[in-house]
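J.: Dropping a prediction and its sequence here:
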Amino acid sequence: MQMPDIRLEGISKRWGDVVGVEDLDLIIPDGSFTCLLGPSGCGKTTTLRMIAGLEEPTAGRISMDQQIVYCSERAFSLPPVKRKVGLIFQSYALWPHMTVYQNIAFGLEMQKRGKDEINSLVKQAAEWMRIDELLDRYPSELSGGQQQRVALARSLAPQPDCLLMDEPLSNLDAKLRIEMRTELKRIHAETKMTIVYVTHDQLEAMTMATQVAVMSEGKLQQLAEPLMLYHYPANLFVAEFVGNPPINTMPGRVVLEHANAVACGDFRIPLDNSQGLRDGEDVVVAVRAEDVLVSRPAEPDSIEFTVYSVLPTGGETLIRLRRGDIFMTAKIDGSIRMDIDSSVGISFRTERLLVYSKDTGQLLQAVPEEHGIWA
């Protein structure tokens, strides 16, 4: 089944002086699983609603498969029912007096599909969501996870061109959320359906999406494949928002004369990649916790830090380290024991170090084009 590219060009949404989305350009490719990721109030749900036609932009143009569905210049807006999209929200909104079969079939009946076609589409959607055995039950007889599967099946049954989802797993417990992420990713792989998924949960975005659009204050910060987003955040907001534990950041100054390094406090961090940096420039160095290497006793070329706290999680151990006013987190596989206030040495995987402008927060180092999609 051919799915549409969705294109948002110069999309803005304002309510008086309040800006929800500002001058957004975004391409959602045919068959992609695109996550709109960001904190509350960043404009991601507003963007989804504008794609669906539930919210009218203030300016810009939206097209699906080269068909314009909204254009401010032409004062044209295609009604939601004609946009061939499926919608799933946080609330399951199942009819309590209808069986699972009837809930899934309801939208198809409103479209006046034939009885045989409805039966076929309901059974196919139920198979996708693995709820074949539940078709005769009522919502009150289902668990939360089963109800969510029914809501998904109901949206999948009409076989929409695009599925729009607004934090659909937020009401589930942690175990069910993991289970449903697995199912959604499997369904996307099987159907090749274009999916736009709103979430504030970076783990959902990283594990399910083919591309992630990170938003903040109504603006697109970066559009990238998940691993690109993690390893090469375009700015400090993305770097600090994506990743758990949060990325380590340290203020410093570039030192290129006789060395490729950044001076941070009373120590220097050597750089593998100094392309795009200027000598004497004020910067912020960022490094992921798994790229901080801890040695005990301290190795000759390492930087001495003090153990501030040790946080074992079972499969890994987070070590909080301190040197003067600089704090850093290291992630080590497995369980280890370290004494508080003991001395250790640290070094870095220098090829993973990131350097950002202190003034603009933008990544200063050049990144090869083959590493991903940039906003």
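T.: Received, thanks.
J.: So which residues of the stretch 251-375 of the chain form helices?
T.: Using DSSP state H, counting those that start in this stretch, no helices are found in the stretch 251-375 of the chain.
J.: Can you list phi and psi of the most centrally placed residue in the chain for me?
T.: Per Cα atoms, centre = their mean, the C-alpha nearest to the average position across the chain is that of A205, at 3.2 Å. Main-chain torsions, A205, degrees, to the nearest 10: phi -60, psi -40.
J.: what's near enough to touch the closest residue to it other than its chain neighbours?
T.: For A205, ignoring the flanking residues on the chain, the nearest one in space by Cβ to Cβ, 6 or more residues apart in numbering is C35 at 3.9 Å. For the C-beta atoms, the positions are set from N, CA and C on the backbone; glycine is no exception. C35 makes contacts with 197-199, 204-205, 208-209, 211-213, as judged by Cβ atoms under 8 Å, 6 or more residues apart in numbering.
J.: And R352, by the same measure?
T.: So R352 contacts 231, 287-288, 291 (Cβ under 8 Å, 6+ apart).
J.: same check, this time on R288
T.: 230, 243, 247-248, 331, 352.
J.: quick one: which of the residues you listed is nearest K82?
T.: Y230 (38.2 Å; Cβ to Cβ).
J.: so what's that closest one up against?
T.: Per Cβ under 8 Å, 6+ apart, neighbours of Y230: 206, 242-243, 288.
J.: Could you do R268 as well?
T.: 255, 259, 261-262.
J.: Dump the contacts of C35 into TSV; add pLDDT as well.
T.: Formatted as TSV, the contacts of C35 follow (pLDDT from 0 to 100):
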residue	pLDDT
Y197	96
V198	96
T199	95
E204	93
A205	94
M208	95
A209	96
Q211	96
V212	97
A213	97
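J.: Most neighbours out of these, which is it?
T.: Comparing the contacts of C35 by number of neighbours (other Cβ atoms under 10 Å), V212 comes first, having 29 neighbours.
J.: can you confirm D116 is in a helix?
T.: Yes: when DSSP: H, G, I helix; E, B strand; the rest coil is applied, D116 is found to be in a helix.
J.: so how far is R288 from it?
T.: D116 is 55 Å from R288, where distance means Cβ to Cβ, to the nearest Å.
J.: do P270 as well
T.: Counting by Cβ to Cβ, the gap from P270 to R288 is 17 Å.
J.: R83 now?
T.: For R83 relative to R288 (Cβ to Cβ), the value is 40 Å.
J.: go on, I178?
T.: 23 Å.
J.: K123 falls within a strand, correct?
T.: No: if the criterion is three-state DSSP, then K123 is helix and not within a strand.
J.: Quick one: low-confidence residue ranges for this protein.
T.: 1-4, 368-375 (pLDDT under 70).
J.: Just the residues contacting the longest helix along it, thanks.
T.: As assigned by DSSP state H, the longest helix anywhere in the chain is helix 174-191. Contacts with helix 174-191, where a contact means Cβ under 8 Å, 6+ apart, come from 1, 33, 128-130, 144-145, 148-149, 152, 156, 168-169, 172, 193, 195, 197, 204, 207-208.
J.: now it, how far from the chain's geometric center?
T.: Helix 174-191 has its C-alpha centroid displaced from the chain centroid by 15 Å (Cα atoms, centre = their mean, to the nearest Å).
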